[in-house]
Every structure is written in structure tokens, then in C-alpha cells.
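Asks: Fold the stuff below for me.
(2 chains)
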2 protein chains.
Amino acid sequence: MAPKGAKPGLQIVLLAGGSGTRFWPLSRTDHPKQLLPLRGKEPLLVETWKRVRRLAPAKDIWVIAPRSLSAKVRKALPGLGRSRLVVEPSPRDTAPAIALGCATLSRRDRDAVVAVFPTDHVVRDLDAFTRSVRSAVRAARTGALVCLGIRPDRPATGFGYLKCAERPRGTRPVGVERFVEKPGAASARRFVDSGRYLWNAGMFVWRVDRFLEELATRAPRVRRAVEGHLDGKAGAWGRAPKVSVDYAVMEKATRVEVVPLDAGWDDVGSWAAAARLREEARGKPGPHVLIDSEGSVVFGDRRLVALVDVPGVVVVDTDDALLVVPRERAERVREVVRELQRTKRKETL
Amino acid sequence: MAPKGAKPGLQIVLLAGGSGTRFWPLSRTDHPKQLLPLRGKEPLLVETWKRVRRLAPAKDIWVIAPRSLSAKVRKALPGLGRSRLVVEPSPRDTAPAIALGCATLSRRDRDAVVAVFPTDHVVRDLDAFTRSVRSAVRAARTGALVCLGIRPDRPATGFGYLKCAERPRGTRPVGVERFVEKPGAASARRFVDSGRYLWNAGMFVWRVDRFLEELATRAPRVRRAVEGHLDGKAGAWGRAPKVSVDYAVMEKATRVEVVPLDAGWDDVGSWAAAARLREEARGKPGPHVLIDSEGSVVFGDRRLVALVDVPGVVVVDTDDALLVVPRERAERVREVVRELQRTKRKETL
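Replies: Residues are numbered from 1 along each chain as shown, chains lettered A, B, ... in the order given. You can find the predicted model right below:
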């Protein structure tokens, strides 16, 4: 509880839910991407924790996680306060998860400013990250709902875009004119060339009262479900619609702004991205023997992997499953997961 | 001991020594190719045993093996007689190994006819094999040293060739005019086109007295070393030169003949050959998931291997090492072994 009259400290909400199949066989149903050491030796969740610790003391960092991961999250983050782990009874997308975090905070401090972050991204430039968040916090104190927007370095079609009211510069907040869903290649090219679009990275800063006010108007079912859940009403959580915070709140809210984030951000969306990170982190192929296999990357150090004349592949070696796929086709790992689901080989999912 | 006057039965000598690096990581120093189930479920050694059991009872089958493999040979061949395993104190190439087998046999039966076989080859047509060996045995009884010669189906440069005195037909023995070392591509093409050349497959049939007589003349140091060893003289074996039976005896001997062997023979010289055999033996990729990976073959069934968009490779999966190499470059596995030797990673050799 902030002392009366003092400027309340920044609270952090980390979203540790979410699962995916893009990092099979290293990621599994009960061991998703944020728990993987995709860049260096530490899971992305731990890297995120250390990043936000520059912004706030441990007591002001909250983690929202599904029950299935709560033990693993506690283990990965020994500094996380006992009451700071907030369990989602079931995964219901980002709007309910973020609302749960904000409503929890609001019951302790109605004026809190909160910064919300995914835990499965990489940020290389920590100082730039801190600067952008601080700029966003200043805007948030005045009542804005602030996104952090990534300056695009390519016409990616895999991200949503934020159209800025004016060309964004430095870390100055600008108004968001429009949220754009994942565009086609031509639109993406146009967006990037215009200099007026930023990628929506799912990072937000706002006062909890402002967010909950918008939530009540724009997504009342989410708000009711979350408050009901916090009031101990059985089954309340299950009535929250599965919906993203962008769709449920941000696209409709008033006073939405964006602060550019130019900090070597990477959402690590595939094994191809993880391979790039691995190459950044260390030049050597670990214990492995790579002969005429330029651009090939091996994940997994428990066994010797020998590649001869196999360039540009990702090899992912785990105890019970192994993947080989060309880097530029890495997203096809989904087809393996589908095949395993189809043939009911749950043990490797 | 054959009853006096009776036609002595055929004795079989199997050569279970030899090690190589071409089947790394499945073959290791203490677990060479002949112990690998490269075609089906059984090691090539066991396939060989079953093949020669059609020619002779178990009591007439002898195995020459290095001390390091004798326990594994016994385990693989429970039908092998107690005294029928002859241990080579150290590996010294085929002339000493074969001489050891023949001298051992000779001390029991000077007139024995013996057929000598490697244990790391594949023969698909067992009836044709039996016919050729029987033809060779008939020629051997008259005093010839008989090779089994493979009719070439391609101008291979990896085998020695036997030049026949006349164009060989059926399973009729013909004289060998000349032994030719592994030829260049142009010579190999000429040999195959001529119809007068057969591959030297390292399979021989002869009377032991005839072989030992030639050995005494052509390679007296081998003969002395082997007899000394059998007489219990310490250090005798170590004085045998390391030399092949082709070079030491066959190229120089008189009355050398060859019987064509047209029986789907394969020396399984590389992972590429093993991949062909595996495809013959079963169409399915085992427990593995192969997507757009035509012509890729996975050896090892202990873990799920998923290949996506990786056609034409061999994957060899073992507990402590894994290999990925294009089928048509499979012989480059040697480079991995050299690298492991160079970096002193003995544990995976």
C-alpha cells in the first residue's frame, strides 16, 4: 500500500501463461516456451524477471500463471513473493489474465501504475527498454493506456501493427490512431515504408483504475468474471470469454498511446529465431561436430550430434524426441505436432 | 575326424574380426559392423551363421574372432560349439586369421575342405549362395583354391576385381588370370563391359592342405607365426605380418579358380547401403515422423525422430551420439570419427 500522498511505485505484471507448439520437441504441453533457455542458459521467464527487476523491487512484481505451471514458475523465480503468484484457474487468453492481475492490484492500491509484459520475448538493450518503460509510465500517470510499440525492421506479416497519429520519434508517447490485425505482405511493406506504424508487442503500461474503467465499459463480462473470481464465487472465472486484451479493450478504449521501443526486441517466434539468438550468444556449436554444415544449429547438449554436409538446419535433441528441419521451414514443426496428435502419441506432446 | 575313406564334410570358417568407422555412431571400437542389425532385426554375424548352417552342421562351423569380441560373438551365436571359437590374440589382417583357422582345422583333419566367409556381408538369395558354394567345394576337392566372385552390376571402384581366364557363366569354376586392386573409374567401366571380371568378395573355398602348402611357399612368416602360436610359443602370433590373404597368397598361388556368385550379395559398405537394405526390409519409417523427407532413413528406434523437409538423409540415433548425413555422402562419417579422434573424445568412438 503506497503511503498516502506519495507517488505510487510501478507495479509489474508478468504473463507466464500461454503454450504453443512452435518449439516442439523442447516445449511440451507442461513446459512451454517461456520456460526454455532459448537464448542462453536461462529460461526466457528468468531473463524477463531480471529485466523488470531494473524497474521495480521483487515485492512489486506479480506473475499470472496457470495452475499447471505454478510450481515451475516458483522454482524458476525464487525471488518471487509468496503472494505475488496469481493463479489463473484455466487459460482464457490475455484479457482475463491481465484483468485478473489489475483487479488484484487495484484491491491493494487503486492508483497503482502497472506495466504488463509477456515472459517469452527477448530484449537485448536493457537500458533502452528501461527508458521506454519510464516514458510510458509518465504517460500512464496522466491517464493514458500506453502500448510499447516496436519499430519494424522488416515488413513482417506475423504481428499486429499500431498506426500512430504522427510519426513516432525517440521514446515520446504518441496517440494510436488504429490497431491493425496481422497484415498481408503488401500492406506490411506500406506500413513499414510510411514510418508511422509500430508492431504491437503485447506490452502495456497504465493506471489500474483507468484500465478497469475501460474494461467495465468495453468488456463487462471479463470484468464481472474476474471480480467474481476474486470475491470467491465458484465458477466465476469460467464465465470469462476467451479474448485478447487488444480486441476486448485496447482497440476500443479512449486515450490509447504508444511509446516506441527500440531495444533489440525479438518475440522468438520459431526455431529459426531461436537459432539466430543462439548464434548471437555463442559462436561455437557446443559439444557437437559440424562439418560442412554452415548455418546449422543444434539445441541440446546431452549427446554428441554430428552433422556432415547438412547446412542450414535446426536440430533439437531431447531425451525422447529429436527434430531436424531446415531453418527457413522451422514453422513446419506444427505439422509434426499435428501428426502426433492424429496418431495419439501424447507422450511426446 | 572324418571316418577313413569317407568324403570329408565341409568345414566353415567365419571371420568375425575387423572393425571400421563407416558405421559410426552405431559401430564402435568394441562393437563393429558385423554385430549390427543393419538389414533386419539380427546382426549380420547371425545372418551369416544361419546362411552357412544350410551348408554344414554347427559342429563344423568355426569362428575366428579377436579377444575383444569373443564374449559378444558367443552371446550372438549360442549354437557355436565351445571349442569352435578361435581367438586371434591381436588383429593382423586376413592372412593370419584365415591361416589360424586352416591350421587349426588341419590338426584335426588334414584333408578337410573349408569355406571361408566374412561375417559383415549380406546375401539375399540363399539358394543361389548354396549352389555356388557347392560348386566351389567340388572344384576345391580337386585341389583348386577357389574364390567366390560377384558378378558386377556397376563399375564400382571400391572392390578388387578378378580377371577370369574366360567369360564366367552359371556357377562353373573358371581360372583366375589376375587379381586387380581397386581400379579407377575408367578401368572399372572397361572391366564391367568386358564381362570377364568379377568382384573379389573375400570368400574362399579350398582344401586346408592345399592352402597351407601355398602359405608355406608364398607367406612363410605367416605360416610359422600361426603354427608357433598353435604350438603354444609365446609371442609367435605377434610375429605374423599384417597382410591380406589376397596379397599374401591368392595373387601368387597356382590353380586359383573362381565360381561366380549371383545371389544378391552386398558388402554393406556405408550407411547409404544400409539405408537401401532397410528400405528393402520394411517400407515404414518405424516410430518416426517423416514429412516431405523422401528417401530419408532413420536408424534407431528408442526415440521419436521427426524429419521435416529433410529428404535423402541418413539419421543414426544412439544413446550418446547422433549422426545426420546425406545418403550420397554417407562415407563422410569418417571425417566425424577423425574429428573425435583429433579432439580426444574417446567415449564416443
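Asks: Select the helix or strand of chain A having the lowest average pLDDT value.
Replies: The helix or strand of chain A with the poorest confidence is helix A:271-281; it has a mean of 90 (mean pLDDT, DSSP states H and E).
Asks: Not counting it itself, show me its contacts.
Replies: A:22-23, A:38-40, A:122, A:266-268, A:297, A:299, A:314, A:316, A:323, A:325, A:327-328, A:330-331, A:333 (CB atoms under 8 Å, 6 or more residues apart in numbering or on different chains). Glycine gets a C-beta too; all of them are placed from N, C-alpha and C.
Asks: and the nearest residue to residue A:264 once chain neighbours are set aside, what is it in contact with?
Replies: Across the structure, with CB to CB, 6 or more residues apart in numbering or on different chains as the measure, the residue nearest residue A:264 apart from its sequence neighbours is residue A:124 (2.8 Å). Contacts for residue A:124 (CB under 8 Å, 6+ apart) come out as A:263-266.
Asks: Please apply the same query to residue A:17.
Replies: Applying CB under 8 Å, 6+ apart to residue A:17 gives the contacts A:64-66, A:69, A:88, A:91, A:97.
Asks: out of the contacts of helix A:271-281, which are buried?
Replies: Using 16 or more other CB atoms under 10 Å in any protein chain shown as the burial test, the contacts of helix A:271-281 include A:22-23, A:38-39, A:122, A:266-268, A:297, A:299, A:314, A:316, A:323, A:325, A:327, A:330-331, A:333 as buried.
Asks: so which helix or strand takes in residue A:227?
Replies: When secondary structure is defined using DSSP states H and E, the element that contains residue A:227 is helix A:220-230.
Asks: List the buried residues of that helix.
Replies: So, applying 16+ other CB under 10 Å, buried residues of helix A:220-230: A:222-230.
Asks: Tell me which residues touch the residue in the stretch 1-150 of chain A that chain B sits nearest to, please.
Replies: Of the residues in the stretch 1-150 of chain A, the one nearest chain B is residue A:25, at a distance of 7.2 Å by CB to the nearest CB. For residue A:25, the contacting residues are A:316, A:318, A:320-323, A:348, B:304, B:306, taking CB under 8 Å, 6+ apart as the criterion.
Asks: Show only the entries of the residues you listed found in strands.
Replies: When strands are assigned by DSSP state E, the members of the contacts of residue A:25 inside them are A:316, A:321-323, B:304, B:306.
Asks: possible to save those as a markdown table with pLDDT and distance to residue B:106?
Replies: Listed next are those as a markdown table, based on pLDDT from 0 to 100; distance: CB to CB, whole Å:
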| residue | pLDDT | distance to residue B:106 |
| --- | --- | --- |
| A:316 | 96 | 59 |
| A:321 | 95 | 56 |
| A:322 | 96 | 53 |
| A:323 | 97 | 58 |
| B:304 | 95 | 54 |
| B:306 | 97 | 56 |
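Asks: and the next element down the chain from the least confident helix or strand of chain A?
Replies: Following the chain from helix A:271-281 toward its C-terminal end, the next helix or strand by DSSP H and E is strand A:289-291.
Asks: Remind me what that next one packs against, helices and strands.
Replies: The criterion is 3 or more CB pairs under 8 Å, 6 or more residues apart in numbering or on different chains; DSSP states H and E, and the helices and strands that strand A:289-291 contacts are strand A:304-308, helix B:333-342.
Asks: what comes up buried for stretch A:65-72?
Replies: A:65-66, A:68-70, A:72.
Asks: From residue B:315, how far out is the residue nearest to residue A:345 when sequence neighbours are not counted?
Replies: By the measure of CB to CB, 6+ apart, the closest residue to residue A:345 outside its immediate chain neighbours is residue B:304, 7.3 Å from it. When distances are taken as CB to CB, to the nearest Å, residue B:304 and residue B:315 turn out to be 12 Å apart.
Asks: for residue A:189, same thing?
Replies: Residue A:189 is 39 Å from residue B:315, where distance means CB to CB.
Asks: Comparing those two, which residue is more hemmed in?
Replies: Per other CB atoms under 10 Å in any protein chain shown, whichever of residue A:189 and residue B:315 has more neighbours is residue B:315, with 25 against 14.
Asks: what's the average pLDDT for stretch A:228-247?
Replies: For stretch A:228-247, mean pLDDT rounds to 96.
Asks: List the buried residues for it?
Replies: Under the neighbour-count rule (16+ other CB under 10 Å), stretch A:228-247 has A:228-230, A:236-237, A:239-240, A:243-247 buried.
Asks: Show me what the longest strand anywhere in chain A is packed against.
Replies: With DSSP E setting the assignment, residue counts place strand A:197-207 as the longest strand in chain A. In terms of contact count using 3+ CB pairs under 8 Å, 6+ apart, strand A:197-207 is assigned the packing partners strand A:113-118, helix A:126-141, strand A:145-150, strand A:161-164, strand A:256-261.
Asks: Using JSON lines, lay out the ones you listed together with mean neighbour count and mean pLDDT.
Replies: Putting these into JSON lines (neighbours: other CB atoms under 10 Å in any protein chain shown; pLDDT from 0 to 100) gives the following:
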{"stretch": "strand A:113-118", "mean neighbour count": "23", "mean pLDDT": "98"}
{"stretch": "helix A:126-141", "mean neighbour count": "20", "mean pLDDT": "98"}
{"stretch": "strand A:145-150", "mean neighbour count": "27", "mean pLDDT": "98"}
{"stretch": "strand A:161-164", "mean neighbour count": "23", "mean pLDDT": "98"}
{"stretch": "strand A:256-261", "mean neighbour count": "25", "mean pLDDT": "98"}
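Asks: With distance to chain B as new columns, can those be given to me in TSV?
Replies: Formatted as TSV, those follow (distance: least, CB to the nearest CB, whole Å):
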stretch	distance to chain B
strand A:113-118	27
helix A:126-141	35
strand A:145-150	29
strand A:161-164	30
strand A:256-261	33
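Asks: Nearest to residue B:288 among the ones you listed would be which one?
Replies: Closest of the helices and strands packed on strand A:197-207 to residue B:288 is strand A:113-118, at 33.9 Å (criterion: CB to CB).
Asks: what residues does that closest one touch?
Replies: Counting by CB under 8 Å, 6+ apart, the neighbours of strand A:113-118 from elsewhere in the structure are A:8, A:10-15, A:18, A:34, A:48, A:52, A:55, A:98, A:101-102, A:105, A:133, A:136-137, A:140-141, A:201-208, A:211.
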